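got a predicted structure plus its sequence, pasted below:
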Amino acid sequence: MSTVADFCRYFEAFTPSSLAADWDNVGLLLGERTTDVHRAITCLTVTPEVVAEAVDGLANLIVSHHPILFRGTKKLSGDSSEGRLLLPLLKAGIAVYSPHTAFDNATGGINDQLAATLGLTNVRPLRRHDAERRCKIVVFTPTEDVAAVSAAMFQAGAGVIGEYRECSFRLPGTGTFFGTEGTNPAVGEKGRRMEVPEERLEVICPERAVNAVIAAMRKAHRYEEPAFDVYPLKPLPGSNGEGRLGELPAEMSLELLAGKIKTDLRTGAVQLVGEPTKTVSRVAIACGAAGEFLKDAIKAKADVFLTGEMRFHDYLHAESEGLGLLLPGHYASERPAVENLAVRLAKDFPDVTVTASSREHDPVSWV
């Protein structure tokens, strides 16, 4: 039987927390990892209707795109709205997992799905993240010890470049030292200057693993005081990022694109900012409430920016920059991906009944 822990591992692989915005609150937010999961519900937001559906349907897990307890709270009681929402879940032992912005930005996540709905080509991040910070560690070791020292450093996490492992560079040379009376040199003698055949060993290392790699090197190195350097490297542009940017398969008017989005996202209306007859090709995407990406869309020279909702003054800014806006609403920009997620989870967890919430609804009505 699948457990909450199995779902946590699944999401950490599919929607790694490293992809989430630094302000976000993602992961397992309620419940125990050891809980068996027979039934799960996906939803955009945990609302009283979703809670009642989960309790009535004997669900064990809710996968909610938006986090619960997004803001700090000091009490969970029936006197607060947060308590009234969450206490029934606690009593029923229902866990809540939220992938939020990690799901937005993941490969195959919400922004990718919106790009696929529009048939975009050459899709890439709208705001690219730097790759993981790395360092170069250089250590000088007796020639006969290079294999042992490098093996220890590789085992601790150094030497990975792309899909290649155990990468290093080695250069022979001569090391010198003078051991004082308080030393016990492993090579040569104390009290006089020694010259020893050594090799310069260079490896790349993730910044997070530097301490572990140095500790492993010291343990494998025969010297009392190994000579080594750690050089921080400038971060390189990574392959991951937030939002998406791509090209339509064929140019069309802003108005026609708005109509397509209205149909595909099943929304009552799409707000349009800009000249309806404007021809568009390059599309920027960021689901939800993503006005913060307006400057990225402008910088990328997009013709149109698709997001769920924005502020009025952002409309004016976009208009002044000649950037069209299409806003189908927060719910419409994200709910289809939540429904698709239920289908995906049902396939990948065949022993669990997974459905998208049937009681969740868009709080906005179009009149």
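That came through fine. Given the structure is predicted, the values throughout are model-derived calculations rather than measurements.

next, the buried residues of the lowest-mean-pLDDT helix or strand in the chain.
Sorting the helices and strands of the chain by mean pLDDT, DSSP states H and E puts strand 237-242 at the bottom, at a mean of 81. Across strand 237-242, burial judged by 16 or more other C-beta atoms under 10 Å covers 240, 241, 242. C-beta here means a position set from N, CA and C on the backbone, and glycine is covered the same way.

likewise for stretch 295-312?
For stretch 295-312, using 16+ other C-beta under 10 Å, the buried residues are 296-298, 300, 302-310.

in JSON lines, list those along with secondary structure, distance to residue 211 and pLDDT.
Output for the buried residues of stretch 295-312, formatted as JSON lines (DSSP: H, G, I helix; E, B strand; the rest coil; distance: C-beta to C-beta, whole Å; pLDDT from 0 to 100):
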{"residue": "296", "secondary structure": "helix", "distance to residue 211": "35", "pLDDT": "96"}
{"residue": "297", "secondary structure": "helix", "distance to residue 211": "40", "pLDDT": "97"}
{"residue": "298", "secondary structure": "helix", "distance to residue 211": "42", "pLDDT": "97"}
{"residue": "300", "secondary structure": "coil", "distance to residue 211": "38", "pLDDT": "96"}
{"residue": "302", "secondary structure": "coil", "distance to residue 211": "43", "pLDDT": "97"}
{"residue": "303", "secondary structure": "coil", "distance to residue 211": "48", "pLDDT": "98"}
{"residue": "304", "secondary structure": "strand", "distance to residue 211": "47", "pLDDT": "98"}
{"residue": "305", "secondary structure": "strand", "distance to residue 211": "43", "pLDDT": "98"}
{"residue": "306", "secondary structure": "strand", "distance to residue 211": "44", "pLDDT": "98"}
{"residue": "307", "secondary structure": "strand", "distance to residue 211": "41", "pLDDT": "98"}
{"residue": "308", "secondary structure": "strand", "distance to residue 211": "42", "pLDDT": "96"}
{"residue": "309", "secondary structure": "strand", "distance to residue 211": "44", "pLDDT": "96"}
{"residue": "310", "secondary structure": "coil", "distance to residue 211": "44", "pLDDT": "96"}
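
give me the secondary structure label for residue 225.
Here residue 225 is recorded as coil under DSSP: H, G, I helix; E, B strand; the rest coil.

now, which of the buried residues of stretch 295-312 sits nearest residue 231?
residue 296 (31.5 Å; C-beta to C-beta).

CA atoms of the next helix or strand after the least confident helix or strand of the chain as CSV?
Reading on from strand 237-242 to the C-terminus, the next helix or strand found by DSSP states H and E is strand 244-253. This file holds the C-alpha atoms of strand 244-253, laid out as CSV (Å, rounded to 0.1, in the frame of the first residue of the first chain):
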residue,chain,number,x,y,z
ARG,A,244,8.0,30.0,-19.9
LEU,A,245,8.7,31.8,-23.2
GLY,A,246,8.0,30.4,-26.6
GLU,A,247,6.7,31.0,-30.1
LEU,A,248,3.3,30.3,-31.5
PRO,A,249,3.2,27.9,-34.5
ALA,A,250,1.8,30.7,-36.6
GLU,A,251,1.2,34.4,-36.0
MET,A,252,-2.3,35.5,-35.0
SER,A,253,-4.1,38.5,-33.6
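
what packs against strand 244-253?
For strand 244-253, the packing partners by 3 or more C-beta pairs under 8 Å, 6 or more residues apart in numbering; DSSP states H and E come out as helix 110-117, strand 121-124, strand 279-289.

what are the buried residues along it?
244, 245, 246, 247, 248.

in the stretch 251-367 of the chain, which spans are helices?
Here the stretch 251-367 of the chain has its helices, by DSSP state H, counting those that start in this stretch, at 254-264, 294-299, 312-320, 330-348.

doesn't residue 139 lie inside a helix?
No. Counting by three-state DSSP, one finds residue 139 to be strand, located in no helix.

now it, nearest residue through space, not along the chain?
With C-beta to C-beta, 6 or more residues apart in numbering as the criterion, residue 139 has its nearest non-adjacent residue at 4.0 Å, and that residue is residue 228.

quickly find the element holding the one you found.
Assigned by DSSP H and E, residue 228 belongs to strand 227-232.

hmm, who's touching that strand?
133, 135, 136, 137, 138, 139, 140, 175, 207, 210, 214, 217 (C-beta atoms under 8 Å, 6 or more residues apart in numbering).

give the pairing partners of that strand; include direction for each.
strand 134-142 (antiparallel) (DSSP bridges).

and the partner strand, which residues are buried?
Those would be 134, 135, 137, 139, 140, 141, 142, for strand 134-142 by 16+ other C-beta under 10 Å.

dump those residues into a markdown table; add distance to residue 331 and pLDDT as well.
A markdown table is the format used below for the buried residues of strand 134-142 (distance: C-beta to C-beta, whole Å; pLDDT from 0 to 100):
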| residue | distance to residue 331 | pLDDT |
| --- | --- | --- |
| 134 | 41 | 93 |
| 135 | 44 | 96 |
| 137 | 50 | 97 |
| 139 | 56 | 97 |
| 140 | 61 | 96 |
| 141 | 61 | 94 |
| 142 | 66 | 91 |
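
no further questions, thank you.
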